[in-house]
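A.B. asks: Please work out how this folds:
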Amino acid sequence: MTTTDPIVDARVTEGSDQALVARAAALLHANGESTGVTLDAVDRLNRALATDFQLVPTWTSISVLDQGRDPLTVVAPPEGVAMRAVAIAMRAIDKIGEKNSNRSELAAELDRASKAGQSPLWLFVLACATGTAALSTIFGADDATAVLLIAFSGALGGLIRRLLGKAHIGSIGQVFAAAFLAGIIGGIAVNADLSTSLRLIAVCPAMILVPGPHILNGLLDLFALRISLGFARLGYAAVLVLSIGAGLALALAVFGTDLPVEPAGRTIPLWLDVVAAAVAAASYPIYFAIPYRLIVWPIAVGAIAHGLRTWVMNDLGWNVAVGATVACLVVGIVLAPVSHRLHIPFAAVSFAAVVALIPGVYLFRAIDTLGELQFGGTESSLLGAISDGTTAALIVAGMAVGLALPKYLYQQIVSHRSSHTGRRQHD
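C.D. replies: Got it, this is the predicted structure:
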């Protein structure tokens, strides 16, 4: 995902405090930070700059309001996820808040954040390959040829997304193209008898496209009663998911194949499940341009969480939705304070830790089956689609609540402490 520098208003060149705050807020908003953290960052800037700006975030822009002056509106749709840019901007805000820098130094750091690059192309492609291979292992792939083909498909899909991005094709077109490619390779594999009936060669490369950070940030906004922004984020995520499912289903239809209603896969040993989850958690931060020194957090927490989920399902007999919810609660409790302290977007780092729990098999089977019903389907097909869709919805809902609830509660604590600090300083 490309770092977004969203400032487009000519007045930002004037160097006013209003413009400076607008740029900082827009960088955070557009690159994956949650709305609550962005609002707190503006409050800290107000205290440091002796200002009283108010931030009004929407899906398309942010507006910085100041009494007696015209509002400054900046186009900044929150479509991107770039943790390196956010980390630089948040450290700069901390420095000026602690009186360790001045306005010109803050402006220079925001310039640096806006230029924070993506992960190198070779590393991004490699991460796509390892991420898809790890997911295929978790979901039951046990043939080396299939795993290698899945890794190749994921890598090629990552390359295509980067090329389309350079051609200024948006995220919706990028994920559709990558999912369509995964379906083509999966369809060829089915006809060549290289794929099992689980169609993991088609499904796993599509699973890494699921927009988890947007789902989590949307839910955090709903928790905070920012209803319009929350539903806008969730709506955008839904469009991306439908685009992925449509691309996959259309490509499979070219080869006359589908995603049959079956169990998600074979059972694998706990140690292999944990190792594969760690590899997947190591791959996803590369997609989101996390500072490399911080990758250990999603790896360690993700491996523990996935092992916990497998244990509660196999040993305690809990269902897959409850298992995912418990695992995500643990991740949320651990990573909420970590993300705050290290200045990285919680939605991105937590999703990287739990990506192996995403119910892509259920989700894409439901989309594929529903798409075929208009051409003639059976009652069992409809029931299968409903069952898969319901299972996917319950898992996603459990994951989202499990991650978002600890973050929301922690953010309330931080905001309460911050307001008390601000009042003491004012007094």
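A.B. asks: Tell me the spacing between the residue nearest to the spatial centre of the chain and residue 34.
C.D. replies: Most central in the chain under Cα atoms, centre = their mean is residue 213, positioned 2.6 Å from the mean C-alpha point. From residue 213 over to residue 34 the distance is 9 Å, taken as Cβ to Cβ, to the nearest Å. Where you see a C-beta, it was placed from the backbone N, CA and C, and this is true even at glycine.
A.B. asks: which residues do these two both contact?
C.D. replies: Taking Cβ atoms under 8 Å, 6 or more residues apart in numbering as the criterion, residue 213 and residue 34 both touch 345, 347.
A.B. asks: Would you state the helices of the stretch 1-150 of the chain in chain order?
C.D. replies: Per DSSP state H, counting those that start in this stretch, the stretch 1-150 of the chain carries helices over the ranges 17-30, 35-49, 83-97, 103-114, 121-138, 144-166.
A.B. asks: residues making contact with the following helix or strand past the longest one?
C.D. replies: If I follow you right, that is helix 144-166. Following helix 144-166 in sequence order, the next helix or strand is helix 171-191 (DSSP states H and E). Residues from elsewhere that reach helix 171-191 (Cβ under 8 Å, 6+ apart): 79, 146, 149, 152-154, 156-158, 160-161, 164-165, 169, 195, 199, 201-206, 209, 211, 239-240, 243-252, 254-255, 257.
A.B. asks: Next, the angle from helix 171-191 to helix 144-166.
C.D. replies: Angle, helix 171-191 to helix 144-166, by axes from the mean of the first three to the mean of the last three Cα atoms, to 10 degrees: 160 degrees.
A.B. asks: what are the C-alpha coordinates of the helix or strand that comes right after helix 171-191, in PDB please?
C.D. replies: Remark: after helix 171-191, the chain's next helix or strand is helix 200-207, criterion DSSP H and E. Presented in PDB, the C-alpha positions along helix 200-207 are these (Å, rounded to 0.1, in the frame of the first residue of the first chain):
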ATOM      1  CA  LEU A 200      -6.900 -24.000  -1.700                       C
ATOM      2  CA  ILE A 201      -4.800 -23.100  -4.800                       C
ATOM      3  CA  ALA A 202      -7.500 -20.600  -5.700                       C
ATOM      4  CA  VAL A 203      -8.700 -19.600  -2.300                       C
ATOM      5  CA  CYS A 204      -5.500 -18.900  -0.300                       C
ATOM      6  CA  PRO A 205      -4.000 -16.200  -2.600                       C
ATOM      7  CA  ALA A 206      -7.400 -14.500  -2.400                       C
ATOM      8  CA  MET A 207      -7.400 -14.600   1.400                       C
END
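A.B. asks: list the buried ones in helix 200-207?
C.D. replies: 200-207 (16 or more other Cβ atoms under 10 Å).
A.B. asks: Any of the contacts of helix 171-191 buried? List them.
C.D. replies: Buried residues within the contacts of helix 171-191, counting neighbours by 16+ other Cβ under 10 Å: 79, 146, 149, 152-154, 156-158, 160-161, 164-165, 195, 199, 201-206, 209, 211, 240, 243-252, 255, 257.
A.B. asks: quick revisit: pick the most deeply packed of the helices of the stretch 1-150 of the chain.
C.D. replies: Using mean count of other Cβ atoms under 10 Å, the stretch among these with the largest mean neighbour count is helix 17-30, at a mean of 26.
A.B. asks: What is that helix packed up against?
C.D. replies: The contact analysis (3 or more Cβ pairs under 8 Å, 6 or more residues apart in numbering; DSSP states H and E) places helix 17-30 against helix 35-49, strand 54-57, strand 61-65, strand 72-75, helix 83-97, helix 103-114.
A.B. asks: Low-confidence stretches in this structure?
C.D. replies: The model of the chain has pLDDT under 70 over residues 1-15, 68, 195-198, 260-267, 368-382, 384-385, 418-427.
A.B. asks: Show me how it divides into domains.
C.D. replies: The chain breaks down into these domains under automatic domain parsing: 10-117, 121-412.
A.B. asks: And for residue 388, the neighbour number?
C.D. replies: When neighbours are defined as other Cβ atoms under 10 Å, residue 388 has 25 of them.
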